[in-house]
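Asks: When you get a sec, could you give me coordinates for this:
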Amino acid sequence: MAKLDLSALDQALEAAHQPALAAALVQMTGDLHWLRKEWTPTYTPLSRGETGVPEAEQVKFRSQAKAAILDWVAKGSPAPITPDPAALRRMMSFVAGADIPENYADFLNDELAIGGQSSKDPQWDTPLLKEAARRMHVLVIGAGMSGLLTGIRLTQAGVDFEIVDKNADVGGTWLENTYPGCRVDSSNHIYSYSFEPNHNWPQHFSTQPVLLDYFRGVANRYDLRKKIRFETSVEEMVWDEPRAVWKVTLKTAQGSEQVEATSVITAVGQLNRPRLPDVKGRERFKGPAFHSAQWRHDVDLTGKRVAVIGTGASAFQFVPEIVGKVASLTVFQRTPPWGFPTAHYHEDVPAGMNWLLEHIPNYDKWYRFFLFWMVTDGLLDGVRADPAWQGDETAVSAANAMFRAMVAEALRMQAGDRPDLAEKVIPTYPIGGKRALLDNGVWIAALKRPNVELVTDAITEITHTGILTADGAARDFDVIIYGTGFHASRFLYPMKIKGRGGADLHDTWDGDARAYLGMTTPGFPNLFMIYGPNTNIVVNGSIIFFSECSVRYILGCLKLLAETGAQAMEPRPEVHDAFNIKVDEGNRLMAWGAPQVTSWYKNEKGRVSQNWPFALVDYWRATLAPDPQDFVLSKEREMAG
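Replies: Numbers count the residues shown, from 1 in each chain. The predicted model follows:
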């Protein structure tokens, strides 16, 4: 490290998450005394991460930490030590403020690469594998978060590939969603690739432009753009059985063309096809009307009478942003969202925190560990159903009822002198039943403004001038904005996919998409899905974690093909079916699977086709590497008859 700026160090120590810094200091000094009982954190759920350590002890810690860092610099900033497994687990438990179960230790070490290399780094280092990799050609569909990740790992493995994306640039959802206030609802220090930390996030939960810059930067650093065909979409994929390749029809600006791929990896996401409500007269409205995911920046909302239909994640973010410029805002709500109290949702990351992330070895990993552990499975018990629960339908267990009471009280306090509003914004369904949002009070503050009306009567018709509701009221508007979500259950829509024997994937699914580990389906060889059925997470973790696990597993499948000389692989039907039975049983025991709950988590058949009902460690273990016994491996290309 260059000459140390003492004022920057003091500022950094004030901003530090002390347990994370203590673990980094163990590696810096080789001394476990930093893990002292009086400095052990006691966290408060849904807080900023306050440690509960008395201020006098915090002052003592900062003083000793400063001396240790200055001594480390004076010695020439020697490389940090790698703790032995026992010390590492003790450090994890200290930072977590609770004993880390033994079955989580290797999972957390691997996920955060605290002890060195992660198992997510592909190893194709034998001549046989390198030669097999060169013979492969993989088509990746989508250049968003998961598609870029796939491109990076395929590059590292030496596998030839091409990425296609319907958009004109990388970024996926962070390119497409440009509505005011759009931001991530996972902390940025875990909503980022585990191997590509950003030490300069401006806010804890960054906005869309910042996230788009991050993914653009990753694409540039790994030189991925040369492998991406933009403004190119997949119309149809057909499995050529005799030749064991996918014939893929692409739609480009110049027309249609056909390419071939030995494997196809879909990285198209779940929330990328906007859904408009099925309301009579929707096309008749004479003013501007648009979905939040297709925001009309050419429409000036200043002084306008604006209607917002829907109160999901997007509306939760853009309503507070536009409420100050419109003449009036009418929000039409079918069901209210649960908003987890998150006071720092719009706050900047202190400059001192960024200094530590950049200059203190391993602090970034330990801070990420703290964030990761706090949302890993900590809230899972609060949304798990108790089959013996005797309470009413507003909860699914005693723990869920307590969780509900805590969040409901926060919402009631925000409503303050508006008990009428509190009645409307506190959900009657169990917490965890639908997507929960992060809330720092701006949503209810917006609804309390004098120019805002929250309407809970059902919409019956849209006219050329406005909206009619079931109570007979007619309201006129200048602009209608739809915050009505996406076709989440229509996986891989609108692509046509025909597998073995000409079977159509969408006909096979019949509105009820299923896949083994969310990635592979019998009858569709060498087709791998990222963010496929039952890989969404509700209250535990970041979706990037799932994508990294999935990509590691898919690379393992390609490696299995290379090692065995097989040309094609697909899951055995009995393995696929047993997995889905287990998942369905798990989802029935979660708040989102409760029979009284309706949400986009459930498909048209009433089945939860979106969510993973188990712990993150379970998905991590299941996706470490493919089990050859789970698959049918076709060793040789079939001969044309």
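Asks: Show me where the stretch 101-250 of the chain has its strands.
Replies: Using DSSP state E, counting those that start in this stretch, the strands of the stretch 101-250 of the chain run over 137-141, 160-164, 228-229, 233-240, 245-252.
Asks: From the contact counts, what lies against the fourth one?
Replies: Read it as strand 233-240. On a contact count with 3 or more C-beta pairs under 8 Å, 6 or more residues apart in numbering; DSSP states H and E, strand 233-240 meets strand 245-252, strand 496-498. In short, each C-beta sits where N, CA and C put it, glycine included.
Asks: right, and Val159 touches Lys559 too?
Replies: No. Using C-beta atoms under 8 Å, Val159 makes no contact with Lys559, being 9.2 Å away.
Asks: neighbour count winner among the two?
Replies: Taking neighbours as other C-beta atoms under 10 Å, Val159 and Lys559 compare with Val159 leading, 26 against 20.
Asks: Run through the residues that contact that one.
Replies: Val159 sits next to 124, 133, 136, 138, 555, 558 when contact means C-beta atoms under 8 Å, 6 or more residues apart in numbering.
Asks: now the residues you listed in a markdown table, with distance to Phe205?
Replies: Below are the contacts of Val159 laid out as a markdown table (distance: C-beta to C-beta, whole Å):
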| residue | distance to Phe205 |
| --- | --- |
| Trp124 | 37 |
| Ala133 | 38 |
| Met136 | 39 |
| Val138 | 34 |
| Leu555 | 30 |
| Leu558 | 35 |
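Asks: and those residues, which two are the farthest apart?
Replies: Greatest spatial distance among the contacts of Val159 (C-beta to C-beta): Trp124 and Val138, at 13.2 Å.
Asks: ok, the two, which is more surrounded?
Replies: Higher neighbour count among Trp124 and Val138: Val138, with 25 against 18, using other C-beta under 10 Å.
Asks: now the more buried one: how far from Gln270?
Replies: 22 Å (C-beta to C-beta, to the nearest Å).
Asks: Then Lys130?
Replies: From Lys130 to Gln270 the distance is 35 Å (C-beta to C-beta).
Asks: Who has more neighbours out of those two?
Replies: Ranked by neighbour count (other C-beta under 10 Å), Lys130 and Gln270 place Gln270 first, with 21 against 14.
Asks: The more buried one falls within a helix, correct?
Replies: No. Counting by DSSP: H, G, I helix; E, B strand; the rest coil, Gln270 is not found in a helix; it is coil.
Asks: Phe486 is in contact with that one, correct?
Replies: Yes. Contact criterion C-beta under 8 Å: Gln270 and Phe486 qualify, at 7.3 Å.
Asks: Report how many residues lie close to Pro85.
Replies: Close neighbours of Pro85, defined as other C-beta under 10 Å, add up to 11.
Asks: Can you lay out the helices and strands packed on strand 233-240 as JSON lines showing mean neighbour count and mean pLDDT?
Replies: Converted to JSON lines, these look like this (neighbours: other C-beta atoms under 10 Å; pLDDT from 0 to 100):
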{"stretch": "strand 245-252", "mean neighbour count": "18", "mean pLDDT": "97"}
{"stretch": "strand 496-498", "mean neighbour count": "20", "mean pLDDT": "98"}
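Asks: can you redo these as a markdown table with distance to Glu423?
Replies: What follows is the helices and strands packed on strand 233-240, written out as a markdown table (distance: least, C-beta to C-beta, whole Å):
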| stretch | distance to Glu423 |
| --- | --- |
| strand 245-252 | 49 |
| strand 496-498 | 47 |
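Asks: between the ones you listed, which gets nearest to Arg514?
Replies: Using C-beta to C-beta as the measure, strand 496-498 is the one of the helices and strands packed on strand 233-240 that comes nearest Arg514, at 14.4 Å.
Asks: now what about that closest one, what contacts it?
Replies: Residues from elsewhere that reach strand 496-498, judged by C-beta under 8 Å, 6+ apart: 235-239, 504-506, 524, 527.
Asks: hmm, which two among those residues are most spread apart?
Replies: Top of the distance list for the contacts of strand 496-498 (C-beta to C-beta): Glu235 and Phe524, 17.0 Å.
Asks: Those two: which has the busier surroundings?
Replies: More crowded of Glu235 and Phe524, by other C-beta under 10 Å: Phe524, with 23 against 13.
Asks: and the closest residue to the more buried one other than its chain neighbours, what is it in contact with?
Replies: Closest residue to Phe524 apart from its sequence neighbours, by C-beta to C-beta, 6 or more residues apart in numbering: Gly499 at 3.7 Å. With contacts defined as C-beta under 8 Å, 6+ apart, Gly499 is in contact with 239, 505, 508, 521, 523-525, 527.
Asks: Filter those down to the buried ones and hand me the ChimeraX line.
Replies: Selection of buried members from the contacts of Gly499 for ChimeraX, criterion 16 or more other C-beta atoms under 10 Å:
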select :239,505,508,521,523,524,525,527
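Asks: Which helix or strand in the protein has the lowest average pLDDT?
Replies: Every helix and strand in the chain was compared by mean pLDDT, DSSP states H and E; the lowest is helix 102-112, with a mean of 83.
Asks: just checking, what packs against it?
Replies: helix 85-96, helix 363-376, helix 616-622.
Asks: Let me know which of the ones you listed is tucked in deepest.
Replies: Compared across the helices and strands packed on helix 102-112, helix 363-376 shows the largest average neighbour count, a mean of 23 (mean count of other C-beta atoms under 10 Å).
Asks: Report the mean per-residue pLDDT for the helix or strand just after that one.
Replies: Following helix 363-376 in sequence order, the next helix or strand is helix 398-415 (DSSP states H and E). Helix 398-415 carries an average pLDDT of 95.
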